[in-house]
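[1] mind folding the following:
(2 chains)
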Protein chains: 2
Amino acid sequence: MIRVITVSREFGSGGRSTAKLIADKLGWKFYNKELVEAAAVESGLSERFIEENGEYAGATTSLLFNLSLGASIGNGSVPMYDKIFIAQSNVIRKIAEEGNCVIVGRCADYILRERDDVLNIFIHSDIESRKKRILDRYPNEGGKKPIEKRLADKDKRRRVYYNNYTDQNWGDVANYHLALDSGKLGVERCAEIVVDVVKTYNG
Amino acid sequence: MIRVITVSREFGSGGRSTAKLIADKLGWKFYNKELVEAAAVESGLSERFIEENGEYAGATTSLLFNLSLGASIGNGSVPMYDKIFIAQSNVIRKIAEEGNCVIVGRCADYILRERDDVLNIFIHSDIESRKKRILDRYPNEGGKKPIEKRLADKDKRRRVYYNNYTDQNWGDVANYHLALDSGKLGVERCAEIVVDVVKTYNG
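    A predicted model of the protein is given here:
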């Protein structure tokens, strides 16, 4: 029985939209930014701080600075960034226990690795489709940074965050039960494939 | 329009069986060892020599030996191992041109990368499912080598071969439109997913 779906994704691949479509089609709960609010309650940290740091290593230009900051402003013996991870992990475990949910990013595949009712999805795409998607949707974000650099930076920050908190490599095919190219297949079709898999699996 | 499917696979993942099922369900031609015969005709090399070397780098214990052998017994300026690759590539391109076919391994995804009618699949699985599958099917192969070592060796030889002849990494999620965990989903279901994708894509 599959009761939980985790969706990891490359920036600009439409992974978040795919996850939302999957949740809508199955009538399941959808957790992306919703996790931030819950983790804020859990940890007492601000939503903004969690949103900025709960899935990304610090901007690549200041990674060492961010890490040293995390290590020095810790509350008691737990650095601030680890507090976010722990709060998010607790929230993700509670959500999974309730079941019938789709969780975007935040190492949920790894955090829930002991459960056998989880289906782990990875959404990726060719660089041209991703560029187009980001420029269509967020034309003004990123200042004057070239689009290729925006894509590479964001993926790198997700990768560093994931690899730091797991013993796995972000985007490694072995971590996912289904990895889908949304550029070739389309976001809508990717969602349909996952929904079909769940429905057939659950019988 | 998808007219060609390539299937890359981990050893013991049931990738070959999945590919055969896909071909049967679609009524398409299936090429695995059939490629060996065609490449033998194309190159004038023996089927046995191609079968042993047409998808695998030399056994890991003698890789350097094999590579040096390949470089020294070349016919004219083309080393023997490159002759196999070229012959197989030519056969794969001809087969793809005819269309409606499923091709197993042999860097077909890379060889056909300029075509837009190709769907690239990767089949992988957790180690326990792979061990069970190999021991069920080939209990006596591999002599006294432990099963974990047989799996690791075979994957390594496929990876070295692939990485040597392409500028990509074998098993990298970006190379495949669909990567499927046959341990979680089952071989039959993996085949059905791919067939559904092709039928829907082709309308």
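
[2] can you pull out the low-pLDDT segments for chain A?
    Across chain A, the ranges flagged by pLDDT under 70 are A:58-78, A:141-143.

[3] which bits of it sit near chain B?
    Chain A has residues A:119, A:122, A:124, A:171-174, A:176-181, A:184-185, A:189, A:192-193, A:196-197, A:200-201 near chain B, with proximity defined as CB under 8 Å from any CB of the partner chain. Where you see a C-beta, it was placed from the backbone N, CA and C, and this is true even at glycine.

[4] give me the buried subset of the residues you listed.
    Among the residues of chain A next to chain B, the ones that count as buried by 16 or more other CB atoms under 10 Å in any protein chain shown are A:119, A:122, A:124, A:171, A:173-174, A:176-181, A:184-185, A:189, A:192-193, A:196-197.

[5] which of those residues fall in strands?
    In strands, defined here by DSSP state E, the members of these are A:119, A:122, A:124, A:178-181.

[6] now those in TSV, with distance to B:A57?
    Below are these laid out as TSV (distance: CB to CB, whole Å):
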residue	distance to B:A57
A:L119	34
A:F122	28
A:H124	27
A:L178	29
A:A179	25
A:L180	30
A:D181	27
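
[7] what about A:I123, neighbour count?
    Residues lying near A:I123 (other CB atoms under 10 Å in any protein chain shown) number 28.

[8] spatially nearest residue to it, not counting backbone neighbours?
    Of all residues not flanking A:I123 in the chain, A:G15 sits nearest, at 3.6 Å (CB to CB, 6 or more residues apart in numbering or on different chains).

[9] and what of A:D117?
    Excluding the flanking residues, the one nearest A:D117 by CB to CB, 6+ apart is A:R3, at 4.3 Å.

[10] cool, A:K145 as well?
    Nearest one to A:K145, counting by CB to CB, 6+ apart, is A:D153 at 7.7 Å.

[11] just the angle between the helix or strand that that neighbour is a member of and strand A:118-124, please?
    Element membership for A:D153, per DSSP states H and E: helix A:147-165. When axes from the mean of the first three to the mean of the last three CA atoms, to 10 degrees is applied, the directions of helix A:147-165 and strand A:118-124 differ by 150 degrees.

[12] CA atoms only: put helix A:147-165 into PDB for me.
    The C-alpha atoms that make up helix A:147-165 are tabulated as PDB, following Å, rounded to 0.1, in the frame of the first residue of the first chain:
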ATOM      1  CA  ILE A 147      19.500  31.900 -16.100                       C
ATOM      2  CA  GLU A 148      22.000  29.100 -16.400                       C
ATOM      3  CA  LYS A 149      23.700  30.300 -13.300                       C
ATOM      4  CA  ARG A 150      20.300  30.600 -11.400                       C
ATOM      5  CA  LEU A 151      19.500  27.000 -12.300                       C
ATOM      6  CA  ALA A 152      22.900  25.700 -11.400                       C
ATOM      7  CA  ASP A 153      23.000  27.600  -8.100                       C
ATOM      8  CA  LYS A 154      19.600  26.500  -6.900                       C
ATOM      9  CA  ASP A 155      20.300  22.800  -7.700                       C
ATOM     10  CA  LYS A 156      23.700  23.000  -6.000                       C
ATOM     11  CA  ARG A 157      22.100  24.400  -2.800                       C
ATOM     12  CA  ARG A 158      19.500  21.700  -2.800                       C
ATOM     13  CA  ARG A 159      22.200  19.100  -3.500                       C
ATOM     14  CA  VAL A 160      24.500  20.400  -0.700                       C
ATOM     15  CA  TYR A 161      21.600  20.500   1.700                       C
ATOM     16  CA  TYR A 162      20.500  16.900   0.900                       C
ATOM     17  CA  ASN A 163      23.900  15.400   0.900                       C
ATOM     18  CA  ASN A 164      24.700  17.100   4.200                       C
ATOM     19  CA  TYR A 165      21.700  15.700   6.000                       C
END
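
[13] what residues of that helix count as buried?
    A:147, A:150-151, A:153-163, A:165.

[14] ok, residues contacting stretch A:82-94?
    Applying CB atoms under 8 Å, 6 or more residues apart in numbering or on different chains, the external contacts of stretch A:82-94 come out as A:31, A:35, A:38-40, A:42-43, A:45, A:49-50, A:53-54, A:70, A:74-75, A:78, A:103, A:106-108, A:111-112, A:165.

[15] now that stretch, how far from the centre of its chain.
    13 Å (CA atoms, centre = their mean, to the nearest Å).

[16] ok so, going back, which of the ones in strands among the buried ones among the residues of chain A next to chain B sits closest to A:F11?
    Closest approach between these and A:F11, by CB to CB: A:H124, at 10.1 Å.

[17] can you tell me which residues contact the closest residue to the closest one other than its chain neighbours?
    Closest residue to A:H124 apart from its sequence neighbours, by CB to CB, 6+ apart: A:E10 at 4.6 Å. If a contact means CB under 8 Å, 6+ apart, then A:E10 has A:123-125, A:130, A:151, A:155, A:171 as its contacts.

[18] can you put those residues in TSV and add distance to A:R93?
    Output for the contacts of A:E10, formatted as TSV (distance: CB to CB, whole Å):
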residue	distance to A:R93
A:I123	23
A:H124	26
A:S125	30
A:R130	31
A:L151	31
A:D155	26
A:G171	23
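
[19] list only buried entries from the contacts of stretch A:82-94.
    Neighbour-count burial (16+ other CB under 10 Å) applied to the contacts of stretch A:82-94 gives A:31, A:35, A:38-40, A:42-43, A:45, A:49-50, A:53-54, A:70, A:103, A:106-108, A:111-112, A:165.

[20] the residues you listed in helices, which ones?
    In this view, the buried ones among the contacts of stretch A:82-94 that belong to helices under DSSP state H are A:35, A:38-40, A:42-43, A:49-50, A:53, A:70, A:108, A:111, A:165.

[21] B:E97: which of those residues is nearest?
    Each of these was checked against B:E97 using CB to CB; the closest is A:A108, at 43.8 Å.

[22] next, give phi and psi for the nearest residue to the closest one once chain neighbours are set aside.
    Leaving out its chain neighbours, the residue that sits closest to A:A108 by CB to CB, 6+ apart is A:T6, at 4.1 Å. Dihedral angles of A:T6 (phi, psi; degrees, to the nearest 10) stand at phi -110, psi 140.
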